[in-house]
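> let's see this in three dimensions:
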Amino acid sequence: MPKTTPLQLDAWSVDDPQAQVTLLVSSTQAATRCPACETLARHVHSRYTRTLADLPWSGYRVTWRLRVRKFFCRHPTCPRHIFTERLPGLVAPWARRTLRLAARLLALGLALGGAAGVRLSRHFGFLGSRNTLLRVIRRTPCPAISSPQVLSVDE
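Just a heads-up that it's a prediction; the model follows:
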């Protein structure tokens, strides 16, 4: 688990016929900041479970059942009254795969493209289609292009 995010492993299970490991994980942050106004929030509104795909381990698919909380933002001018805690070292908001799995899929997609990337990803134990790899590439922001510092003219 990432060291920057306070998480606790509550339980785990192994399903040998399905070749899957399931980790039940919960966040242990005492408070979190509102993403809109950056006010520290401590009052829990509710909890829910997110299902995340992670990198495979020794031939087994790894699935996280991540229990996260929603908090009240008590700042009077904040447009968000309720928000979900963020886990920046683990998963992007609304994502269904961990950041490290997304990074591997992006690398495969950029190196090989759709169909060839899927063939190699199945060898590594990643699930997905060619459209998944292409979607991961499309969602990635383009790198910033810096302007040249020196120009020369050839004769």
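
> C-alpha from now on. contacts and neighbour counts both.
Will do.

> now do the helices in the protein.
With helices called from DSSP state H, the chain shows them at 99-112, 114-124, 130-139.

> got the ones you listed as TSV, with mean neighbour count, distance to Thr32 and mean pLDDT columns?
Putting the helices of the chain into TSV (neighbours: other Cα atoms under 10 Å; distance: least, Cα to Cα, whole Å; pLDDT from 0 to 100) gives the following:
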stretch	mean neighbour count	distance to Thr32	mean pLDDT
helix 99-112	17	20	89
helix 114-124	16	36	85
helix 130-139	16	27	88
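
> and those: which comes nearest Arg69?
helix 99-112 (19.5 Å; Cα to Cα).

> tell me how many other residues crowd the nearest residue to His81 once chain neighbours are set aside.
Ranked by Cα to Cα, 6 or more residues apart in numbering and with sequence neighbours excluded, the top spatial neighbour of His81 is Cys73, at 5.0 Å. Other residues near Cys73 come to 27 when the count uses other Cα atoms under 10 Å.

> quick one, grab the pLDDT at Cys73.
Here, the pLDDT recorded for Cys73 equals 90.

> thanks a lot, see you next time.
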